[in-house]
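Engineer: My questions are about this predicted structure, shown below with the sequence.
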Amino acid sequence: MHAGPVVALVPAAGQGLRLQQGMPKAYVTLKGRTLLQHSVDGLTASGAVDRIVVIVPADLVEHTRELLGPTVTVVEGAHERTDSVRCGLAVAGDAAIVLVHDAARALTPPTLVSRVVAEVRAGRGAVVPAVPVTDTVKSVDLTGAVVGTPDRSSLRAIQTPQGFRADLLIRAYAESTDSATDDAGLVERLGETVHTITGELLAFKITTPHDLLLAEAITAQENA
């Protein structure tokens, strides 16, 4: 059992150019609030998080502090996501459990957050939400030619928040010298087991204009 404070890190220092909104993705608005605010709201509403640390571009630190209020710690991040997470870990203090959550997963249900924390509390070192891959996936070479078709029954799309025993995540970052697409990938490199739990469709990542339209439609329906 892992007792002690839960600290959630929200790296939001990237530009998110694929969303095509002319501003950092985390500050795009949805239903009158930024994606970052929605993500922080979900973490807070879970009742499972003791502190939230948001990592943002240097020129947006003060603005973000005003946006999120005094209960959220805001620190300067870096160009690469992994480096931003390092900045967050540096101020995680006495955390026993660390969550890393994408600001772009603005509609993530609070119940998913609490389920991840519960699994780590119960003794898992690393826990990630996962949903089955429904499309056929192909491996291709540099010319675009198909070189393989993985069995999709064993494939999962991974979401956030990803939850970790704090000392394990800190060690994973200390022993890594390059980047990874997610934090669990760094833990895997240590030879540690990463466990999955069932994810939520609403925890999708808002990356493209189509994703934003989908999020707007979902929130409009919720308010209808």
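Structural biologist: Looks like it arrived, so ask away. Numbering: from 1, shown residues only.

Engineer: residue ranges for the helices of the protein, please.
Structural biologist: 35-45, 61-68, 81-89, 110-121, 166-174, 183-189, 209-223 (DSSP state H).

Engineer: Next, the buried residues of the first one.
Structural biologist: Within helix 35-45, the residues scored as buried using 16 or more other Cβ atoms under 10 Å are 35-40, 42-44. No exception for glycine: its C-beta is placed from N, CA and C like everyone else's.

Engineer: same check, this time on the second one
Structural biologist: Using 16+ other Cβ under 10 Å as the test for burial, helix 61-68 gives 61, 64-65, 67-68.

Engineer: And the buried residues of helix 35-45, which two are furthest apart?
Structural biologist: Leu35 and Thr44 (15.1 Å; Cβ to Cβ).

Engineer: And the helix-or-strand element of the chain with minimal mean pLDDT, what does it pack against?
Structural biologist: Every helix and strand in the chain was compared by mean pLDDT, DSSP states H and E; the lowest is helix 209-223, with a mean of 89. If you count contacts as 3 or more Cβ pairs under 8 Å, 6 or more residues apart in numbering; DSSP states H and E, helix 209-223 packs onto strand 29-30.

Engineer: let's see it at 10 Å
Structural biologist: Counting contacts by 3 or more Cβ pairs under 10 Å, 6 or more residues apart in numbering; DSSP states H and E, helix 209-223 packs against strand 29-30, helix 35-45.

Engineer: circling back: of all the helices of the chain, which one is nearest Val100?
Structural biologist: helix 183-189 (4.8 Å).

Engineer: Now that closest one: buried residues?
Structural biologist: Neighbour-count burial for helix 183-189 [16+ other Cβ under 10 Å]: 183-187.

Engineer: In TSV: the buried residues of helix 35-45, plus pLDDT and distance to Glu200.
Structural biologist: Converted to TSV, these look like this (pLDDT from 0 to 100; distance: Cβ to Cβ, whole Å):
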residue	pLDDT	distance to Glu200
Leu35	96	17
Leu36	97	19
Gln37	97	19
His38	97	14
Ser39	97	14
Val40	98	18
Gly42	98	11
Leu43	98	14
Thr44	98	17
